[in-house]
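Novice: Task: produce atomic coordinates for the following.
(2 chains)
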2 protein chains.
Amino acid sequence: MEKFLDYVEKHQNDFVERLRKAVAIPSVSGDPSHRPDVFRMADFLVQELKNLGADVETRDLGKQDWHGTSLDLPPIVLATVGNDPSKKTILVYGHYDVQPALLEDGWNTNPFELVEDEKNRLIGRGSTDDKGPVLGWINVVEAHKNLGLELPVNLKFCLEGMEESGSEGLDELIYKEADKYFKDVDAVCISDNYWLGTTKPCLTYGLRGVSYFHVKIKGPGADLHSGVFGGTVHEPMTDLFAIMSKLVDVHGKILIPGIYDQVRPLTDEEQAIYKDISFKIEELQSAVGNKTNIHEDIPKTLQSRWRNPSLSIHGVEGAFYNPGDKTVIPACVTGKFSIRTVPDMEPKKISQLVCKYIEDEFAKLGSKNTLNVHCTHDGNHWLSSPNHPNYVAAAKAVETVYNVKPDLTREGGSIPVTLSFQSALNKNVLLLPMGRGDDGAHSINEKLDRSNYVKGTQLLGTYLYEVSKVEL
Amino acid sequence: MEKFLDYVEKHQNDFVERLRKAVAIPSVSGDPSHRPDVFRMADFLVQELKNLGADVETRDLGKQDWHGTSLDLPPIVLATVGNDPSKKTILVYGHYDVQPALLEDGWNTNPFELVEDEKNRLIGRGSTDDKGPVLGWINVVEAHKNLGLELPVNLKFCLEGMEESGSEGLDELIYKEADKYFKDVDAVCISDNYWLGTTKPCLTYGLRGVSYFHVKIKGPGADLHSGVFGGTVHEPMTDLFAIMSKLVDVHGKILIPGIYDQVRPLTDEEQAIYKDISFKIEELQSAVGNKTNIHEDIPKTLQSRWRNPSLSIHGVEGAFYNPGDKTVIPACVTGKFSIRTVPDMEPKKISQLVCKYIEDEFAKLGSKNTLNVHCTHDGNHWLSSPNHPNYVAAAKAVETVYNVKPDLTREGGSIPVTLSFQSALNKNVLLLPMGRGDDGAHSINEKLDRSNYVKGTQLLGTYLYEVSKVEL
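Specialist: Residues are numbered from 1 along each chain as shown, chains lettered A, B, ... in the order given. Predicted coordinates:
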């Protein structure tokens, strides 16, 4: 292991060159004109893995319907390094597609040309999300090959090219291969999230779920002139504002009865975790770009993000939305909001509570318009335990590489693949981030600090050593 | 006058031909590619009026800024027929531009080809709005010329080509020419609105005004991910819904204190007018395309439209508005609503009341976001009197042509030029519609019934005889 850590340190420039080649391929899955580049990126990975002796196969996911046009879906790249029945098998997941990026969006440099600045930040689209972490695993394999060492575990890769565009086809593949390709997997490690802040590594053991709702109110047969009809008909927008003002108060408290009854109570043990987390309110304010935080103390802020539900109103479909003034009475409007869910909220029960509440409140209004409210999709929350051996192994690896105990964090958003792997394989899933909280994953000037890339590669490799020793 | 009425009846096919030629010119002012057609339409009118011996001039209004491109504004056509100082001078206004229209929008026939159907409806864009009425005046002039008769009044035309696109340049011209070209005008007649229903002619003596408001709430520096930030920051959409749900109740009652204090009380005399109006709730339901009317009785419905204020919420700028689901926390949102105003509401006072109320309600919320509310534009209401001699003359003309007393109506929308003429010239303005309530002015399959065109031409001419006899 010492040799491995040393090799990574000494060959870091080679690894940066590998990242440079990967960033140069604009594998934007959300833009059909870049679809050939997404395929090119898959080929690049296949070639890199084959060169290192991995057993590589790709899985065709068929076609995607893109606004009526049929597009080929990029393949899932499956690769195996080592096949020793006496070793554990660790599955690693990553994605090789990226978010769109244009110089005009405000990038300081060409987004598809990796640039290292004076602070040793490797800047380029996909550097941290998620090409850096994917190449981190490949760097680990290369180091072992060149050192003539065997990996301490059998390593399986599952790399997708549609993560930024809804992971189309991935879930089906995972369930289909659960007792085939993924049969011998003992644990899963995903490196596709970020440290909470900028200085301390973390392990992530929980994610919120999300339930999305549409509140549709239908009145007139077509949009009306507000001069001619204002005052004579029930207006859908008036009803919508009346209803949707009753969902959440300005301090973020959800007003739908029964929601909080399902939230798991905070235990002393959990409460204790928040004290040690490295986080400042100023970091939240900097990320938000304003001082409009609801809570002033850190535990409450983190609990609001990680372990309490929240409700956000996203928008209105069917109403006037352009700049300027238009005097229309919209005929049919759909208000959209979502609830971030946490243990032990059940999506079905949430949907029932929400729909019943909205229907009751609408009935109280006495409007002649018609209401339709429904849940358009829900993804469940996910919670692992930092005490699971998979996490204990990862925590040891962090201490070895960074000389610090990792923060134990949860996240407010969802990473659906986490839940898919856990449900389909029934194995522990670990989220082990490489990048920092300020990497700007979906933003302009996305970066991965050189030290995070190098130490991150060491961390992933060290984790494999530690997990090989524990009882899973 | 008998001769005139007879001439119109006998030469109606010539008049329909004139309308056919006018409809064939697609003078869509809102579409730059049709701007040359708007000019062509002005030339057509200039030529028709010159052929009839009118004294015609056009006024160049300069340039229009269209999304950064400079477009020539179509001219105002000014024409004078007769210059006898012993006669009254009547100013008539109309517009020669039209709304956009495409066969694909759902028209049954080519919108720019006048078609007469089996119910003798003349179908085509601009037939009723406003080429039919404009040509009605020209038909009156032609009839008198061909009969060798003098008009009973001096007639002045003011025809614009930008009515459907904000009447750019018109107000300036009216004020500039008030004591020049328009100096001798004794009364104004505008034929650019519609009967209330489909069977009974009307005179329109009032219009509501409109005050438009923007409620801008600013929070984060940029849109946020609702998973990562939901529950930790004050969300502008939550604040907006809280505020805007306090503007109006579902039955149309405005909740802003002080608004109704400024509404002129209903007198017994006014109350009596509503009894005679030819209107059915079914007509409202048919126009609305649903049975979502607030009131069941007719006087209350008409009063809500004509003489009471109303408040409509039009939309939200800055939030998610597309189909589908997006889990964004919008950073800065602007809610838009307007209040239709009536006598004796003062726009300035309304603006003060609205802004103060919203600022106070926002302060009560205790949000850390920032609010900006302001009135983006206001147009005053307008009220004439059906007892004014100009109206009495028009009512007599209706009785002569239609054998029925006209309904005395007001309208819920605004026709800004009405107010401009009244303010600039300080003369009585009469709204004397030609078309029916179901003509579909801005809609597909716009039509003008042949009988409305023919009798309408008779009505406009007869009105000139009647108004020549009264004391203005």
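Novice: Identify the residue nearest the residue nearest the centre of chain A in space, chain neighbours excluded?
Specialist: Nearest to the mean C-alpha position of chain A, by CA atoms, centre = their mean, lies A:Ile415 at 3.9 Å. Spatial nearest neighbour of A:Ile415, chain neighbours left out: A:Leu207 (5.8 Å); criterion: CB to CB, 6 or more residues apart in numbering or on different chains. Bear in mind the C-beta positions are built from the backbone N, C-alpha and C, glycine included.
Novice: Report how many residues lie close to that neighbour.
Specialist: Number of residues near A:Leu207 (other CB atoms under 10 Å in any protein chain shown) recorded here: 27.
Novice: same check, this time on A:Val98
Specialist: The burial count assigned to A:Val98 is 33, neighbours taken as other CB under 10 Å.
Novice: any idea how far chain B is from it?
Specialist: 17 Å (CB to the nearest CB, to the nearest Å).
Novice: Which residues are in contact with that residue?
Specialist: By CB atoms under 8 Å, 6 or more residues apart in numbering or on different chains, A:Val98 lies in contact with A:Pro26, A:Ser27, A:Val28, A:Ser29, A:Arg125, A:Gly126, A:Asp129, A:Lys131, A:Glu164.
Novice: for A:His381, same thing?
Specialist: A:Gly206, A:Leu207, A:Arg208, A:Gly209, A:Thr341, A:Val342, A:Pro343, A:Met345, A:Ser414.
Novice: again, but for A:Leu52
Specialist: Shown in contact with A:Leu52 (CB under 8 Å, 6+ apart): A:Val81, A:Ile138, A:Val141, A:Glu142, A:Lys145.
Novice: got it, and A:Gln64?
Specialist: A:Ser70, A:Leu71, A:Asp72, A:Leu73, A:Met162, A:Glu168.
Novice: Find the nearest non-adjacent residue to A:Tyr357, please.
Specialist: Counting by CB to CB, 6+ apart, the residue nearest A:Tyr357 is A:Ile256, at 4.8 Å.
Novice: hmm, I was thinking of A:Leu5
Specialist: Closest to A:Leu5 by CB to CB, 6+ apart is A:Gln458, at 5.3 Å.
Novice: Tally up the residues packed near the one you found, please.
Specialist: Using other CB under 10 Å, A:Gln458 has 26 neighbouring residues.
Novice: Surely it touches A:Val398?
Specialist: No. Taking contacts as CB atoms under 8 Å, A:Gln458 lies outside contact range of A:Val398: 10.4 Å.
Novice: domains of chain A?
Specialist: A:1-207+A:382-468, A:209-263+A:308-379 (the TED database).
Novice: May I have the distance across the first one, first residue to last?
Specialist: Which is domain A:1-207+A:382-468. 12 Å (CA to CA, to the nearest Å).
Novice: Ok, the last one next?
Specialist: Distances were taken as CA to CA; on that basis the terminal residues of domain A:209-263+A:308-379 are 5 Å apart.
Novice: Please name the residues that touch the residue nearest to A:Leu5.
Specialist: A:Gln458 touches A:Phe4, A:Leu5, A:Val8, A:Glu9, A:Val401, counting by CB under 8 Å, 6+ apart.
Novice: partners of A:Leu78 in the sheet?
Specialist: Beta-bridge partners recorded for A:Leu78 (DSSP bridges): A:Glu57, A:Cys158.
Novice: Isn't it up against A:Cys158?
Specialist: Yes. At 6.1 Å, A:Leu78 counts as touching A:Cys158 under the criterion of CB under 8 Å.
Novice: So for these two, which sits in the more crowded spot?
Specialist: A:Cys158 (25 against 21).
Novice: still on that earlier bit, JSON lines for the contacts of A:Val98, including pLDDT?
Specialist: Shown next, in JSON lines, are those (pLDDT from 0 to 100):
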{"residue": "A:Pro26", "pLDDT": "98"}
{"residue": "A:Ser27", "pLDDT": "98"}
{"residue": "A:Val28", "pLDDT": "96"}
{"residue": "A:Ser29", "pLDDT": "95"}
{"residue": "A:Arg125", "pLDDT": "97"}
{"residue": "A:Gly126", "pLDDT": "97"}
{"residue": "A:Asp129", "pLDDT": "96"}
{"residue": "A:Lys131", "pLDDT": "98"}
{"residue": "A:Glu164", "pLDDT": "91"}
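Novice: Could I get those in a markdown table, plus columns for secondary structure and neighbour count?
Specialist: Formatted as a markdown table, those follow (DSSP: H, G, I helix; E, B strand; the rest coil; neighbours: other CB atoms under 10 Å in any protein chain shown):
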| residue | secondary structure | neighbour count |
| --- | --- | --- |
| A:Pro26 | coil | 20 |
| A:Ser27 | coil | 28 |
| A:Val28 | strand | 25 |
| A:Ser29 | coil | 29 |
| A:Arg125 | coil | 27 |
| A:Gly126 | coil | 31 |
| A:Asp129 | helix | 26 |
| A:Lys131 | helix | 29 |
| A:Glu164 | helix | 22 |
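Novice: now, the most widely separated pair of those residues?
Specialist: A:Pro26 and A:Asp129 (14.0 Å; CB to CB).
Novice: Give the buried residues for stretch A:275-294.
Specialist: Judged by neighbour count using 16 or more other CB atoms under 10 Å in any protein chain shown, the buried positions of stretch A:275-294 are A:Ile277, A:Ser278, A:Phe279, A:Glu283, A:Leu284, A:Gln285, A:Ala287, A:Val288, A:Asn290, A:Thr292, A:Asn293, A:Ile294.
Novice: And the first one, its phi and psi?
Specialist: Listed backbone geometry of A:Ile277 is phi -70, psi 130, with angles given as degrees, to the nearest 10.
Novice: Helices of the stretch 201-350 of chain A, residue ranges please.
Specialist: A:226-229, A:236-244, A:268-276, A:281-288, A:298-306, A:347-365 (DSSP state H, counting those that start in this stretch).
Novice: Would you mind measuring from the residue of the stretch 101-250 of chain A found nearest chain B to B:Asp105?
Specialist: Chain B sits closest to A:Gly221 of the stretch 101-250 of chain A, with a gap of 2.0 Å, by CB to the nearest CB. Using CB to CB, to the nearest Å, we find A:Gly221 at a distance of 16 Å from B:Asp105.
Novice: Equivalent analysis for A:Gly324, please.
Specialist: 22 Å.
Novice: same check, this time on A:Thr198
Specialist: 55 Å.
Novice: circling back: model confidence score at the residue nearest to A:Leu5, please.
Specialist: pLDDT, A:Gln458: 98.
Novice: Restricting to C-alpha, output stretch A:150-165 in PDB.
Specialist: What follows is stretch A:150-165 as a C-alpha-only set of coordinates in PDB (Å, rounded to 0.1, in the frame of the first residue of the first chain):
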ATOM      1  CA  GLU A 150      -2.500  -7.400  -7.500                       C
ATOM      2  CA  LEU A 151      -5.600  -5.400  -6.400                       C
ATOM      3  CA  PRO A 152      -6.700  -6.400  -2.900                       C
ATOM      4  CA  VAL A 153     -10.200  -7.000  -4.200                       C
ATOM      5  CA  ASN A 154     -12.000  -7.900  -7.500                       C
ATOM      6  CA  LEU A 155     -13.100  -4.600  -9.000                       C
ATOM      7  CA  LYS A 156     -16.200  -4.200 -11.200                       C
ATOM      8  CA  PHE A 157     -17.000  -1.000 -13.000                       C
ATOM      9  CA  CYS A 158     -20.400   0.300 -14.000                       C
ATOM     10  CA  LEU A 159     -20.000   3.500 -16.000                       C
ATOM     11  CA  GLU A 160     -23.000   5.200 -17.600                       C
ATOM     12  CA  GLY A 161     -23.300   8.000 -20.200                       C
ATOM     13  CA  MET A 162     -26.700   9.400 -19.400                       C
ATOM     14  CA  GLU A 163     -26.500  10.500 -15.800                       C
ATOM     15  CA  GLU A 164     -27.000  14.200 -16.600                       C
ATOM     16  CA  SER A 165     -30.100  13.300 -18.700                       C
END
